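Student: let's see this in three dimensions:
(chains A and B)
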2 protein chains.
Amino acid sequence: MSAEQAAALIQNGDHVGMSGFTSSGYPKAVPPALARQIEAANAGGETFRIGVWTGASTAPELDGALAKVGGIELRLPYQSDPTCRARINAGDMEYIDIHLSHVAQFVWFGFLGKLNVALVEVAGVLEDGRLIAASSLGNNKTWLDLADKVILEVNSAHPLGLAGMHDIYYGTALPPHRRPIPVLHPSSRIGDAYLHVDPAKVVAIVETNEPDRNPTFTAPDQASERIAEHILDFIDHEVARGRLPRELLPIQSGVGNTANAVLSGLDKGPYKGLTAYTEVLQDGMLEMLKSGTLGFASSTALSLSDEGMREFLGNLDFYRERILLRPQEISNHPEVIRRLGVISMNGMIEADIYGNVNSTHLMGTRIMNGIGGSGDFARNAYLSIFMTASTAKNGAISCIVPMASHVDHTEHDVQVVVTEQGLADLRGLAPRQRAKVIIERCAHPSYRAALADYQERAQALARSGRAGLHTPHLLREALAWHERYEANGNMLPG
Amino acid sequence: MSAEQAAALIQNGDHVGMSGFTSSGYPKAVPPALARQIEAANAGGETFRIGVWTGASTAPELDGALAKVGGIELRLPYQSDPTCRARINAGDMEYIDIHLSHVAQFVWFGFLGKLNVALVEVAGVLEDGRLIAASSLGNNKTWLDLADKVILEVNSAHPLGLAGMHDIYYGTALPPHRRPIPVLHPSSRIGDAYLHVDPAKVVAIVETNEPDRNPTFTAPDQASERIAEHILDFIDHEVARGRLPRELLPIQSGVGNTANAVLSGLDKGPYKGLTAYTEVLQDGMLEMLKSGTLGFASSTALSLSDEGMREFLGNLDFYRERILLRPQEISNHPEVIRRLGVISMNGMIEADIYGNVNSTHLMGTRIMNGIGGSGDFARNAYLSIFMTASTAKNGAISCIVPMASHVDHTEHDVQVVVTEQGLADLRGLAPRQRAKVIIERCAHPSYRAALADYQERAQALARSGRAGLHTPHLLREALAWHERYEANGNMLPG
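Tutor: Residues are numbered from 1 along each chain as shown, chains lettered A, B, ... in the order given. Coordinates of the predicted model:
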């Protein structure tokens, strides 16, 4: 049927589980049609708002369109859309920022209420009703299993050759009936190649022919290149010390330029036959697969630039042997991540001098995107690395601060902090020792003295008996840098 | 040999892996002897300091004696000793506060340096050299496997009847060679009944006959009783809604009076044949095993009062059928905790209005004990519950604050907050919704208005465009409550 007819099957107040993970595999026709119906309802004085549950981020046609008309009551578990973000920070939309591995199980547990509708993009439908999944899996299996009604968008822009690249595990269960997830290697195939759906629940099939809105792949900037060099030096050092095997351990890499710079650096290095166990596969990993640096990659989404997509489509048989896409409850499963011993590399907004990391909030109050899978990976990784340029907004913001204005990754979960200035290896260090190396190695020179001064005065206060020396802080000044930025547009005093 | 002779085998600068977990199974003779040698060395102008790695907390004979003479350079991963705490907060001792599930693997990975000596208490030695473990396992397997030298304390106060109650998994490996941990139920036996040690490494055996310094089991106070009632009502409610089976799911319970009050409440309730998958088994669980409320308990330590120990020793055969003690890398393993779907209940120091939890720091700077296993459990639990009385220090401290002064458990990991005032179910709530229920249900009446006022003014600031409405805060006031307490001994203004 038409997207308009399908959208009309979604009711005010529905919880809708949509496909989509990092701009790939999201429904492209029904959300804009729904947005138009919501706009019309609003114009007629009617309230029409839904809950939007996805894999992770989507695209302007989904998050953007629905947020623009005020059609989202509650969004979870991750977003990165400018209109969504503005609505959330204006208090017009509720947003729950959830570890990506938690989402499917929370819905199965009944913690988030009833899932009314699944709206899932697929590449094709087999004659027996099984579905060829699209460029991301996210929570699609769970949405299809649990929703009362299913709307499918069959997008012929996805190659049917994606078939065989998915590994959809149907062995999950509710406790106390759970069994080990049998992934022993990133290439372990443990599930079905196709998604299943009860045909009786399918209330609409909408045909589309529109590619994913692929991210542009821009060349890494100088800071990203430097960060990548520091990480590569560190990895070489760990291999030399015998703390990493020569084939390393499975790599997880967040999205963005810095991540791509690290991957590109690895690709130029001496390593061959590496593996990846990650949640999103971008151009950098595709190139590594092509060159042989990477032997295999497990992910839940492909997020390729136009150029990357052309390379991928032109060599589908090659990549089908080297890529598996899994549901995000498996790509991000703590059990598997800890077993495999992943090298986890994620971006962040800021770290404090003790190594607490803020991945989500600007100046403590404004949501940026969300925690995504960074917690699933960092807590369970063999090595947990967090990276950022040392400053933002042309130097007006220091990304190393006295106290993080929001904490997503605690001191207990952060082993390595990297900026273009250098790398701080926090393993085996107590808080004051951490502060020393983070300030010396990671802070930008224009903030280093102020951070050292803060730390010294905090220690002096503690020595006077009015605070503790375990994690010295000046409570009055701990968030003053953020406060100054809000007031003056600059974290530096004066 | 004598404790003095054995202690003389420990050198300045050594890293010593000691047994001990919540006052049980810690070495009792060598640490005090070592403390005397350190004191003598210090008196002679010599520096003598070691690294002390354990399972978790120990007792005055170990942490207290060594800290008193300034003999600890670095302590990890957990402590609860007053002398240790004072030394750490005075800056005289380094302390690394580590998730208990991380410790063994970090040592295997080589992240904490070389382990020189293992100092492990056991209940007995078999003729073939295998060891009957004592009342806790902690990291003993790892210490015995990795240390250059092994000192054993054979404590005849431990009953040899403990034999058969241990389940020591020897199937761990370094990535990429790890396999699933095959625990499917708290009662799953997956390992050996005895500890192994290479006899060639054993440099000393010291005989002792001294019971663990057992905690006193005091009756729960009124606040603990009320917290327990709220949790029990909540569990009943979840069962009634079909979100928990009638036999519940495995229980994890932290230490202390509130935990014991909850267990005691469960014991009076309608539940039978429950299970526990926890890190410490206290009197409360022993009583539940006796009554049949609890059918089986898995732990890494027994921490019983004198009375509890008498009951246990008098009925060893009964309890041996119903208790397994495992290494803490298994009792606290994220893989197993997530698989089993544990109901996790842990104490805390404070929670903020958005549900971030501080488990470790007083007023943001002074360490109390440490994170222990709370992160292992909370992040991977089916239900993660944090509890505290709503105030401390006769009301001078509110345990619900505008912003946590240290974050150990993030908003992403905290589902339920409970005080004697009430229970806040945060599942499915966005930050401002969380703030409303936490303030209304959990805060003490004497702080409720001030918290609501903070939240309202933070929202007003955000509405003016100078902050975000996702997680509204007044950066200047966020930590003012803690600052006031440090200055005036009271969090309330004026």
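Student: residue of the stretch 101-250 of chain A closest to chain B, please.
Tutor: residue A:175 (2.6 Å; C-beta to the nearest C-beta). Any C-beta I mention is one placed from the backbone N, CA and C, and that applies to glycine too.
Student: give the contact list for that residue.
Tutor: B:249, B:339, B:340, B:341, B:382 (C-beta atoms under 8 Å, 6 or more residues apart in numbering or on different chains).
Student: can you redo these as CSV with neighbour count and secondary structure?
Tutor: As requested, those are exported to CSV (neighbours: other C-beta atoms under 10 Å in any protein chain shown; DSSP: H, G, I helix; E, B strand; the rest coil):
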residue, neighbour count, secondary structure
B:249, 21, coil
B:339, 26, helix
B:340, 25, helix
B:341, 24, coil
B:382, 24, coil
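Student: and which of the residues you listed is nearest chain A?
Tutor: residue B:341 (2.6 Å).
Student: still on that earlier bit, what about chain A: which of the contacts of residue A:175 touch it?
Tutor: B:249, B:339, B:340, B:341, B:382 (C-beta under 8 Å from any C-beta of the partner chain).
Student: so the second one sits right up against residue B:183, yeah?
Tutor: Yes. A contact is recorded between residue B:339 and residue B:183 when judged using C-beta atoms under 8 Å, the distance being 7.4 Å.
Student: so, low pLDDT: which residues of chain A?
Tutor: Low-confidence regions of chain A, defined by pLDDT under 70, span residues A:494.
Student: may I ask you to name the longest strand in it?
Tutor: As assigned by DSSP state E, the longest strand anywhere in chain A is strand A:117-125.
Student: what helices or strands is that one leaning on?
Tutor: In terms of contacts (3 or more C-beta pairs under 8 Å, 6 or more residues apart in numbering or on different chains; DSSP states H and E), strand A:117-125 is packed against strand A:15-18, strand A:131-133, helix A:140-146, strand A:149-155.
Student: for it, C-alpha coordinates in PDB please.
Tutor: Extracted in PDB, the C-alpha atoms of strand A:117-125 (Å, rounded to 0.1, in the frame of the first residue of the first chain):
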ATOM      1  CA  VAL A 117       3.800  -1.200  15.900                       C
ATOM      2  CA  ALA A 118       7.000  -2.400  14.200                       C
ATOM      3  CA  LEU A 119       8.100  -0.300  11.300                       C
ATOM      4  CA  VAL A 120      11.000  -2.100   9.700                       C
ATOM      5  CA  GLU A 121      12.900  -1.600   6.400                       C
ATOM      6  CA  VAL A 122      14.000  -4.700   4.700                       C
ATOM      7  CA  ALA A 123      15.800  -5.500   1.400                       C
ATOM      8  CA  GLY A 124      13.300  -8.200   0.300                       C
ATOM      9  CA  VAL A 125      10.700 -10.800   1.300                       C
END
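Student: and the stretch 301-450 of chain A, which residues reach chain B?
Tutor: So the stretch 301-450 of chain A meets chain B at A:333-335, A:338-341, A:356, A:361-367, A:371, A:375, A:379-380, A:382, A:405-413, A:415, A:427-430, A:432-433 (C-beta under 8 Å from any C-beta).
Student: hmm, 7 Å instead?
Tutor: Contact residues, the stretch 301-450 of chain A versus chain B (C-beta under 7 Å from any C-beta of the partner chain): A:334-335, A:338-341, A:356, A:361, A:363-367, A:371, A:375, A:379-380, A:382, A:406-408, A:410, A:412, A:427-428, A:430, A:433.
Student: which of those residues fall in strands?
Tutor: Checking those against DSSP E, those in strands are A:361, A:366, A:367.
Student: from those, which is closest to residue A:108?
Tutor: residue A:367 (26.1 Å; C-beta to C-beta).
Student: so residue A:352 versus chain B, what's the distance?
Tutor: Distance, residue A:352 to chain B, by C-beta to the nearest C-beta, to the nearest Å: 10 Å.
Student: list the beta-bridge partners for that residue.
Tutor: Beta-bridge pairing for residue A:352 (DSSP bridges): residue A:401.
Student: that one touches residue A:402, doesn't it?
Tutor: Yes. Assessed by C-beta atoms under 7 Å, residue A:352 is found in contact with residue A:402 at 6.3 Å.
Student: look at residue A:461 and give its secondary structure.
Tutor: helix (DSSP: H, G, I helix; E, B strand; the rest coil).
Student: residues in contact with it?
Tutor: Counting by C-beta atoms under 7 Å, 6 or more residues apart in numbering or on different chains, residue A:461 touches A:467, A:474.
Student: residue A:397 is in contact with residue A:391, correct?
Tutor: Yes. If you go by C-beta under 7 Å, residue A:391 and residue A:397 touch, sitting 6.1 Å apart.
Student: re earlier: now the helices and strands packed on strand A:117-125 in a markdown table, with mean neighbour count and distance to chain B?
Tutor: Shown next, in a markdown table, are the helices and strands packed on strand A:117-125 (neighbours: other C-beta atoms under 10 Å in any protein chain shown; distance: least, C-beta to the nearest C-beta, whole Å):
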| stretch | mean neighbour count | distance to chain B |
| --- | --- | --- |
| strand A:15-18 | 26 | 10 |
| strand A:131-133 | 25 | 25 |
| helix A:140-146 | 25 | 14 |
| strand A:149-155 | 23 | 21 |
